[in-house]
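>>> Let me see the structure of the following:
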Amino acid sequence: MTDNNDETIVALATPNGIGAIAVIRLSGRDAITIANSVWKGKDLTQQASHTIHFGHIVDGDLILDEVLASLFVAPRSYTRENVVEISCHASGYIIESIIKLFMKKGARSAKPGEFTLRAFLNGQLDLSQAEAVADLIASNSKASQQVALQQLRGGFSTQLQTLREQLVNFASLIELELDFAEEDVEFANRDQLKQLIHDITRIVGRLIQSFELGNAIKQGVNTVIAGRPNAGKSTLLNALLNEERAIVSHIPGTTRDTIEEVLNIQGINFRLIDTAGIREATDAIEQIGVQRTMEKISQSALLIYVFDAELITLNELRTDLDSLLTPGVAMLMVANKMDLLTGEAAKMESIDQFFRTSGLPDYQTTFISAKEKLHIDDLKNKIYSTAIKDQLTGDETLVTNIRHLEALQKTEEALLRVLGGIDGSITSDFLSMDIKQALHYLGEITGAVTTDDLLENIFSKFCIGK
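Numbers count the residues shown, from 1 in each chain. Have a look, this model is predicted:
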């Protein structure tokens, strides 16, 4: 994506549709001059930065609207260019007329993400911060908003910059060794370099591991509700959502297809998926439903296994576990219909003992009544703790972007090659190549290393006006 910073760009910065006001944004060297040329009010070119002025947008003698003009004089603006934001009435006709008027006066229509692209190109943001802007706009939960905001403030960038600076120092010393290759001298202490690579590799590895949680926060945690027919899966979905979302019936096999809803627990979105009951299908349609259930389980991060605590046998529990346990998918056992239990304590103890000896690494069973909504809040807490596992403390750096993850994985590979090279006593030129590779991949994250194709791919996904 190429950008001509000599041009002034214009776009609607608020969503299209009926509303009280709309904001039209201009950015570029001539932004204030262009706005002033169609302005009736104080001379905008003589006003201070970060001030708001009342006036009219006029096309010759025709008044288009009475508006507020917010001025941001370079470099004290989002793009580090002159920026004017016109707050006008949100009539489609008015918006279109004002934008066309600005374009007639010399501005051009902004491309998707072009304001943020200019902020990056002008040094206001690095690339990971620019991507955090898009994540912040798209955030749909408290946790995703907080993670995006932390990255926008530069927490991730600062950590990567520190790592990169440490590597650059050693890379410079190794480059110096190449200049004195005939003298066979070492300027970079290999033990210190090895310790540094170990330290950086640990940090990079921690960032890579954080992606699972970061991606769950950003996209939501895929959570499948599965179990036998009439176990109460749909009733549980309704109880968790506190609304009648799924059809509930005593007839087995009522749910033939998956039903998906979003439940927010403590700021995290859980994408709940109610599935067809697991059993030998009686017809082709039900068989498709069971197959989809198994597919959804394999794609999920958390499985809520619901069973009828009154009627299920231990052999049936064992059969279900054999079919449902999936590597990489956390499982939460939910014993439903506790309100119907006779000999309640004995039955609970029997089920409890079964799961304690089942070999599940994170054993926990929650006894509930979905119909009577007993212990639903307790279940919600366990859903949260099973998925998050005390990993979210509020100030840690989380990787949420697949591009960042891939760059970190390549960085880790290059660093491991450096360690192997030190142990193998390879020459400085090969060490230098691997360190440069690590620096390159770290630089790709923050934008120290970029290509037009990379920028095009990133900023084309932004909304116009941002």
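>>> going forward, measure contacts between C-alpha atoms and count neighbours the same way
Will do.
>>> Show me which strand runs longest in the protein.
In the chain, taking DSSP state E as the definition, the longest strand is strand 62-72.
>>> chain center to the helix or strand just after it: distance?
Once strand 62-72 ends, the next helix or strand along the chain (criterion: DSSP states H and E) is strand 83-89. The chain centre lies 30 Å from the centre of strand 83-89; the measure is CA atoms, centre = their mean, to the nearest Å.
>>> Pull the residues that contact strand 83-89.
19-28, 31-32, 35, 65-74, 77, 94-95 (CA atoms under 8 Å, 6 or more residues apart in numbering).
>>> now stretch 294-305
Counting by CA under 8 Å, 6+ apart, 221-227, 324, 326, 328-334, 387 sit against stretch 294-305.
>>> so His375 makes contact with Thr365?
No: using CA atoms under 8 Å, His375 makes no contact with Thr365, being 11.9 Å away.
>>> Would you mind telling me which of the two has the busier surroundings?
Thr365 (20 against 13; other CA atoms under 10 Å).
>>> Give the helix, strand or coil label for the closest residue to that one other than its chain neighbours.
Leaving aside its chain neighbours, Thr365 sits nearest to Met333 (4.8 Å; criterion: CA to CA, 6 or more residues apart in numbering). Put simply, Met333 is strand when judged by DSSP: H, G, I helix; E, B strand; the rest coil.
>>> Met333: how many residues sit nearby?
For Met333, using other CA under 10 Å, the count is 18.
>>> Distance-wise, check it relative to Gly92.
53 Å (CA to CA, to the nearest Å).
>>> roughly how far is the helix or strand encompassing Ile95 from the heart of the chain?
Using DSSP H and E, Ile95 sits in helix 92-104. The chain centroid and the centroid of helix 92-104 are separated by 35 Å under CA atoms, centre = their mean.
>>> by how many degrees do that helix and strand 62-72 diverge?
Counting by axes from the mean of the first three to the mean of the last three CA atoms, to 10 degrees, helix 92-104 lies at 70 degrees to strand 62-72.
>>> For helix 92-104, which residues meet the burial criterion?
By 16 or more other CA atoms under 10 Å, the buried positions in helix 92-104 come out as 95, 97-99, 101-103.
>>> cool, stretch 214-227 as well?
Neighbour counts over stretch 214-227 (16+ other CA under 10 Å) mark 214-227 as buried.
>>> re the thing from before, neighbouring strands - and their directions - for the longest strand of the chain?
strand 51-59 (antiparallel), strand 83-89 (antiparallel) (DSSP bridges).
>>> Make a markdown table from those strands and add distance to Glu406 and mean pLDDT to it.
As requested, the strands paired with strand 62-72 are exported to a markdown table (distance: least, CA to CA, whole Å; pLDDT from 0 to 100):
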| stretch | distance to Glu406 | mean pLDDT |
| --- | --- | --- |
| strand 51-59 | 43 | 97 |
| strand 83-89 | 35 | 97 |
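>>> quick one, domains of this structure?
Residue ranges for the domains of the chain, per automatic domain parsing: 9-124, 135-215+401-447, 220-388.
>>> Minimum distance to Leu455: which of these has it?
Of all those, it is domain 9-124 that lies closest to Leu455, at 8.1 Å by CA to CA.
>>> about what we covered before: redo the buried residues of stretch 214-227 as CSV? Include pLDDT and distance to Asn169.
Listed next are the buried residues of stretch 214-227 as CSV, based on pLDDT from 0 to 100; distance: CA to CA, whole Å:
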residue, pLDDT, distance to Asn169
Gly214, 87, 31
Asn215, 85, 33
Ala216, 83, 36
Ile217, 84, 36
Lys218, 86, 35
Gln219, 85, 38
Gly220, 87, 40
Val221, 89, 41
Asn222, 90, 43
Thr223, 91, 46
Val224, 91, 49
Ile225, 91, 52
Ala226, 89, 54
Gly227, 89, 57
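>>> hey, where'd the helices end up in the stretch 151-300 of the chain?
155-179, 190-219, 233-241, 284-298 (DSSP state H, counting those that start in this stretch).
>>> where does the chain dip in pLDDT?
Scanning the chain with the threshold set as pLDDT under 70 gives 1-5, 177-188, 245-258, 279-290, 342-347, 358-364, 390-395.
>>> One more pass at 50, please.
Applying pLDDT under 50 to the chain flags residues 247-249, 251-256, 281.
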